[in-house]
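*Asks:* okay, here's the prediction I keep looking at, along with the sequence it came from:
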Amino acid sequence: MEEALNKQVNAELYSSYLYLSMAAYCETQLMKGFAKWLRLQADEEREHAMKFFDYIIEAGGTVKLAKIEAPKTGWKSIGEVFDEVYEHEMKVTGLIGGLMDLAIKEKDYATRNFLGWFVKEQVEEEAHASEIQGKIKMLGDVVGHLFWLDHELGKRE
């Protein structure tokens, strides 16, 4: 279980890097609202990594940080960015599900309890990503049409 949790620390840190890379792309497209949303998402993913980090230590384990893969740095459009955000969140949901399966198999009730928060969080993460993706598809991936959504996403605190 400890090894799997350490892998999740790395996966959450990679998610943070990926969202920072997406934010940088959005900045180059002059979409500062999208960039702000993605920067805050990157911060949230780092917080998730730290929850796993702290849990491993609290449970008496050893945190083993691994090399973080470099994320992609270019996309064709804002729409493609958010298609990837949604796909990535579904992948993370699968990773959390795999951890839960392992905790159940190993009868690790404390870890099952800990992971429950992440199961709920992933429902929210997928919903937010899907909503933004849907709005982009509705508006069309046209820069002029996206300014309204860029403004809305820029309000995220």
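*Replies:* Now that the structure is in, tell me what you want to look at.

*Asks:* so where do the helices sit in the chain?
*Replies:* In the chain, the helices defined using DSSP state H lie at 2-28, 32-58, 78-105, 109-139, 143-153.

*Asks:* what about those, which gets the closest to Glu69?
*Replies:* Nearest to Glu69, of all the helices of the chain, is helix 2-28, at 5.7 Å by Cβ to Cβ. In short, each C-beta sits where N, CA and C put it, glycine included.

*Asks:* the closest one vs helix 143-153, what angle?
*Replies:* 130 degrees (axes from the mean of the first three to the mean of the last three Cα atoms, to 10 degrees).

*Asks:* taking helix 32-58 as reference, get the angle to helix 2-28.
*Replies:* 160 degrees.

*Asks:* tell me which other helices or strands helix 2-28 touches.
*Replies:* Contact partners of helix 2-28 among helices and strands, from 3 or more Cβ pairs under 8 Å, 6 or more residues apart in numbering; DSSP states H and E: helix 32-58, helix 78-105.

*Asks:* just the buried residues of the first one, please?
*Replies:* It refers to helix 32-58. By neighbour count on 16 or more other Cβ atoms under 10 Å, the buried set for helix 32-58 is 32-39, 41-42, 44-46, 48-49, 51-53, 55-56.

*Asks:* quick one: that helix to helix 109-139, angle?
*Replies:* Using the same axes, to 10 degrees: helix 32-58 against helix 109-139 is 170 degrees.

*Asks:* what's the angle from helix 32-58 to helix 78-105?
*Replies:* Using the same axes, to 10 degrees: helix 32-58 against helix 78-105 is 20 degrees.

*Asks:* which other helices and strands does helix 32-58 contact?
*Replies:* For helix 32-58, the packing partners by 3+ Cβ pairs under 8 Å, 6+ apart come out as helix 2-28, helix 78-105, helix 109-139, helix 143-153.

*Asks:* nearest spatial neighbour of Leu149, skipping sequence neighbours?
*Replies:* Spatially, and ignoring its direct neighbours in sequence, Leu149 is nearest to Lys135 (5.6 Å; Cβ to Cβ, 6 or more residues apart in numbering).

*Asks:* good, we can wrap up now.
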